[in-house]
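I'll drop the sequence and a predicted model, then ask my questions.
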Amino acid sequence: QQPVQSPQAVILREGEDAVINCSSSKALYSVHWYRQKHGEAPVFLMILLKGGEQKGHEKISASFNEKKQQSSLYLTASQLSYSGTYFCGTDRSGSARQLTFGSGTQLTVLP
Amino acid sequence: NAGVTQTPKFQVLKTGQSMTLQCAQDMNHEYMSWYRQDPGMGLRLIHYSVGAGITDQGEVPNGYNVSRSTTEDFPLRLLSAAPSQTSVYFCASGIGTDTQYFGPGTRLTVL
């Protein structure tokens, strides 16, 4: 079952902050965040593992609430380069073999 | 390193034709996967492989075949193309699903 992302789209000015949420109705072992610019391939940002471990981008932070099966991606002091579509992918089995992606959040940063 | 490469970049097929999308990686990753991306649908896993000779189905495997004879290559075969298979196809590789590296994609149109 596909995780639900919110909001679907957000527009902000350079320097503003944004939060993108990802929630699942099933128990999760890990949440993976990717960013995709128009016409390009998705690029890995961060992985959050059950138990609190995080790996990924230095300038982007995220949280994973295991009880609520929710993850949030925090983009602070947004830069123009942050524009793109952000996807969360969830691993429900713990096997690290299959990710189920949400439908994405389109972020536009204006000057 | 070239990373993950995909060929062709664009392809137009007629209904009923077959073809193979090529994917290769030079990072010695055991895990490789194929996704399709449709507008508003995010990424959906078609097939994946955890090593040479080992493949398994993902979320949307019908109409597609894969094989993994070497660590480097993971081709995706469309057996009898249908208009519903019009999509952008991404190949990815990684250490399990952690930090997957995506190829540039193949844009396929089935008439």
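The structure has been received and is ready for your questions. Keep in mind the model is a prediction, meaning the values are calculated, not measured.

quick one: buried residues of stretch A:99-109?
Going by neighbour count (16 or more other Cβ atoms under 10 Å in any protein chain shown), the buried part of stretch A:99-109 is A:L99, A:T100, A:F101, A:G102, A:S103, A:G104, A:T105, A:L107, A:V109. Any C-beta I mention is one placed from the backbone N, CA and C, and that applies to glycine too.

and the residues you listed, which of them are in helices?
Taking DSSP state H, every one of these sits outside helices.

and stretch A:34-48, what's its mean pLDDT?
For stretch A:34-48, the mean per-residue pLDDT is 93.

Report how far apart the opening and closing residues of it are.
12 Å (Cα to Cα, to the nearest Å).

on that earlier part again, which of the buried residues of stretch A:99-109 sit farthest apart?
Greatest spacing in those, by Cβ to Cβ: A:T100 and A:V109 (27.5 Å).

The buried residues of stretch A:99-109 into CSV, with extra columns for pLDDT and distance to chain B?
Rendered in CSV, the data for these read as follows (pLDDT from 0 to 100; distance: Cβ to the nearest Cβ, whole Å):
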residue, pLDDT, distance to chain B
A:L99, 89, 5
A:T100, 92, 7
A:F101, 94, 4
A:G102, 95, 6
A:S103, 94, 5
A:G104, 96, 5
A:T105, 97, 10
A:L107, 97, 15
A:V109, 96, 21
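
Rebuild the residues you listed as TSV, extending it with distance to B:Q25.
As requested, the buried residues of stretch A:99-109 are arranged in TSV below (distance: Cβ to Cβ, whole Å):
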residue	distance to B:Q25
A:L99	17
A:T100	23
A:F101	20
A:G102	25
A:S103	27
A:G104	25
A:T105	28
A:L107	29
A:V109	32
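
Out of these, name the ones that lie in strands.
A:T100, A:F101, A:T105, A:L107, A:V109 (DSSP state E).

of all those residues, which comes closest to A:S6?
The nearest one, if we look at these relative to A:S6 and count by Cβ to Cβ, is A:T105, at 7.3 Å.

Pull the contacting residues for the closest one.
A:Q5, A:S6, A:P7, A:Q8, A:A9, A:V10, A:I20, A:T85, A:Y86, A:F87 (Cβ atoms under 8 Å, 6 or more residues apart in numbering or on different chains).

Would you mind naming the residues that bridge with it?
Judged by DSSP bridges, the bridge partners of A:T105 are A:Y86.

ok, now how distant is it from B:T99?
Using Cβ to Cβ, to the nearest Å, A:T105 is found at 21 Å from B:T99.

and A:E40, what is it in contact with?
Taking Cβ under 8 Å, 6+ apart, one finds B:P104 in contact with A:E40.

let's see it at 7 Å
By Cβ atoms under 7 Å, 6 or more residues apart in numbering or on different chains, the contact set of A:E40 is empty.
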